[in-house]
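*Asks:* What would the 3D arrangement of this be:
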Amino acid sequence: MNSAQLTSGTKDTLPIDRLLEDHNKARQHIEELGLLPLSPALKGTIWGLRIYVLFMIVVVVMNVIQNMH
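*Replies:* Next up is the predicted model:
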């Protein structure tokens, strides 16, 4: 084996192609699984956080308005 054969790109691309195949197969498998339904406790927590964020936005806006006067 000479140095030209060692530096050729054909030998280096085979593992990358195999890794990309494995990655695509894994991604397809994950997509086939789909989303799991959320538990009621988790849904409640998410809605609570949404309400908290909206409340804090109102508080910050009110604070900015009061500081401007």
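*Asks:* could you pull out the helices for this structure?
*Replies:* Ranges of helices within the chain are 3-7, 9-33, 40-68, based on DSSP state H.
*Asks:* Go through the ones you listed and find the least confident stretch.
*Replies:* With a mean of 50, helix 3-7 has the lowest mean pLDDT of those.
*Asks:* before we move on, back to that, how about CSV for the helices of the chain, with mean neighbour count added?
*Replies:* Backbone N, C-alpha and C define where each C-beta goes, glycine included. Converted to CSV, those look like this (neighbours: other C-beta atoms under 10 Å):
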stretch, mean neighbour count
helix 3-7, 8
helix 9-33, 9
helix 40-68, 10
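*Asks:* hey, C-alpha coordinates of stretch 40-55 in PDB?
*Replies:* Taking Å, rounded to 0.1, in the frame of the first residue of the first chain, the C-alpha atoms of stretch 40-55 are listed here in PDB:
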ATOM      1  CA  PRO A  40     -52.700  16.000  34.000                       C
ATOM      2  CA  ALA A  41     -50.100  17.100  36.600                       C
ATOM      3  CA  LEU A  42     -47.600  18.100  33.900                       C
ATOM      4  CA  LYS A  43     -50.300  19.900  32.000                       C
ATOM      5  CA  GLY A  44     -51.300  21.800  35.100                       C
ATOM      6  CA  THR A  45     -47.700  22.700  35.800                       C
ATOM      7  CA  ILE A  46     -47.200  24.000  32.200                       C
ATOM      8  CA  TRP A  47     -50.400  26.100  32.400                       C
ATOM      9  CA  GLY A  48     -49.300  27.400  35.800                       C
ATOM     10  CA  LEU A  49     -46.000  28.500  34.400                       C
ATOM     11  CA  ARG A  50     -47.800  30.200  31.500                       C
ATOM     12  CA  ILE A  51     -50.000  32.200  33.800                       C
ATOM     13  CA  TYR A  52     -47.000  33.100  36.000                       C
ATOM     14  CA  VAL A  53     -45.100  34.400  33.000                       C
ATOM     15  CA  LEU A  54     -48.100  36.500  31.900                       C
ATOM     16  CA  PHE A  55     -48.500  37.900  35.400                       C
END
